[in-house]
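Q: sequence and predicted model, in that order:
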Amino acid sequence: MYKKSTISLLATLAIGLNVALSSVAWAKDPNMAVQTKDRNGDGKVSFDEWDKPEFVFNKIDFNGDGYLTAQEFAKKWGIPMSGGGSNARSVADAGSLDDTSVIIADVHMHPHPNNHPIDQLTWMNRNGVKWAGLGEMLGGRSVRENYRQTLGNRYIPFGGQSALNQIFFKYGVSGLEDENNPMFRDLMTELKQDFDSGKLKGIGEVFGDNSNGNPKSKIKRKTNVYAPTYKGMIDLVAKYGGALSIHVDWNRDSIAHLESLADYNTDGNIIWAHCGGNTHANDVRKVLQRHGNIYCDLSARHKPKLTSRIVKKKPHQEIFTSYSLNSGWKDLIEEMPDRFMVGTDTKGGAKYDKGISNIRNGLLANLSQETAEKVAYKNAQRLLNLH
């Protein structure tokens, strides 16, 4: 009896250990725990979609309805539910918008499961940011929907980013360039549905070429941004009056592909993320002069997203500091004031505060009033039809 009990106990522990180890990838992301198993796209996991022991399923299914939700995964792991899962918080907790200074549209704020949308709204309100958004880093539709429900029309919803990353992780660069890839076809169907229902303003951030970025980044890649998949996405945003946010570093062939994409459909607006990241003002001037449908997002060209280590190594990447604006970039922005927007691209309240402070004091304060208002919010408001 003793031996039999011991064997049973060891078997149970082995199963539990296997489940625990296989769950490491989920451990901080309840939304991803659902998304990785949700084959029919209903936002929850049925037992038919479950590939672990039944007793584990039952332990997570707190309400016994036969489905697992992100909230239940979060409860099981004992972590706060990101993305709006808590009923104890309301929009009123975020305070009201501080509009004593010129308002801001942050066009490079990634919704993330680790940032509760009430927190994001709090950061926006205290910093005078009326609108903010871009593609979700993780979690897909469920995260976007949570942010939309909380932020309302102050949220700038872009889709596709997390799905495109999944395509890359599974198929590599070739998958991102193949319009017949099944995951890409499914994504385009989803994006069309969300555009039709008014739930999207654009697609992205699409990582076309971020090969000059962090060498340790898991999303580092270089693709042909004139491939059929990119043409399909720009056709879609053109149809619905949206925009394609695309990250393309300054590499000769990649910029040529970007310009070809802009020429392919001149009705499709492109937001060039980070103004290319490693560009000089004169580089950007030439591209913008040739293509009236390319706009520049100035995120990650200032601290705190742009770290001191990067600035020391590549000082030209810093366009403005906490008090000053590079003269070459100032001339360019004043010359083409309708083509620039701002963004934070940070996570966490302290970094968000610092990012907006630098935008106000280093960038906007050093531009003429008319240009500052356009860059701060009017260009984004016009391009993305913000209300």
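A: All right, it came through fine.

Q: how does the chain divide into domains?
A: What automatic domain parsing lists as the domains of the chain is 2-77, 91-383.

Q: return the most buried member of those domains.
A: Stretch with highest mean neighbour count among the domains of the chain: domain 91-383 (a mean of 19; mean count of other C-beta atoms under 10 Å). (Glycine included, C-beta is placed from N, CA and C.)

Q: can you give me the end-to-end distance of that domain?
A: 27 Å (C-alpha to C-alpha, to the nearest Å).

Q: and stretch 221-235, by the same measure?
A: Using C-alpha to C-alpha, one end of stretch 221-235 lies 23 Å from the other.

Q: please apply the same query to stretch 110-119.
A: End-to-end distance (C-alpha to C-alpha), stretch 110-119: 13 Å.

Q: any chance of the domains of the chain in TSV, with mean pLDDT too?
A: Listed next are the domains of the chain as TSV, based on pLDDT from 0 to 100:
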stretch	mean pLDDT
domain 2-77	68
domain 91-383	94
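
Q: what about the strands in the stretch 51-200 of the chain?
A: Using DSSP state E, counting those that start in this stretch, the strands of the stretch 51-200 of the chain run over 67-68, 104-106, 129-132, 158-159.

Q: okay if I get those strands as JSON lines plus distance to residue 222?
A: Putting those into JSON lines (distance: least, C-beta to C-beta, whole Å) gives the following:
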{"stretch": "strand 67-68", "distance to residue 222": "38"}
{"stretch": "strand 104-106", "distance to residue 222": "27"}
{"stretch": "strand 129-132", "distance to residue 222": "29"}
{"stretch": "strand 158-159", "distance to residue 222": "22"}
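
Q: out of those strands, nearest to residue 373?
A: strand 104-106 (10.2 Å; C-beta to C-beta).

Q: on contacts alone, who are the packing partners of the closest one?
A: strand 129-132 (3 or more C-beta pairs under 8 Å, 6 or more residues apart in numbering; DSSP states H and E).

Q: looking at it, residue 265 is touching residue 236, isn't it?
A: No. Counting by C-beta atoms under 8 Å, residue 236 is not a contact partner of residue 265; they are 9.9 Å apart.

Q: next, the contact list for the nearest residue to residue 320 once chain neighbours are set aside, please.
A: Take residue 320 and drop its neighbours on the chain: the residue closest to it by C-beta to C-beta, 6 or more residues apart in numbering is residue 362, 3.8 Å away. Contacts for residue 362 (C-beta atoms under 8 Å, 6 or more residues apart in numbering) come out as 302, 320-325.

Q: residue 322 versus residue 362, what's the distance?
A: 5 Å (C-beta to C-beta, to the nearest Å).

Q: cool, and residue 269?
A: Taking C-beta to C-beta, one finds residue 269 at 31 Å from residue 322.

Q: and if you look at residue 343?
A: Taken as C-beta to C-beta, the span from residue 343 to residue 322 is 17 Å.
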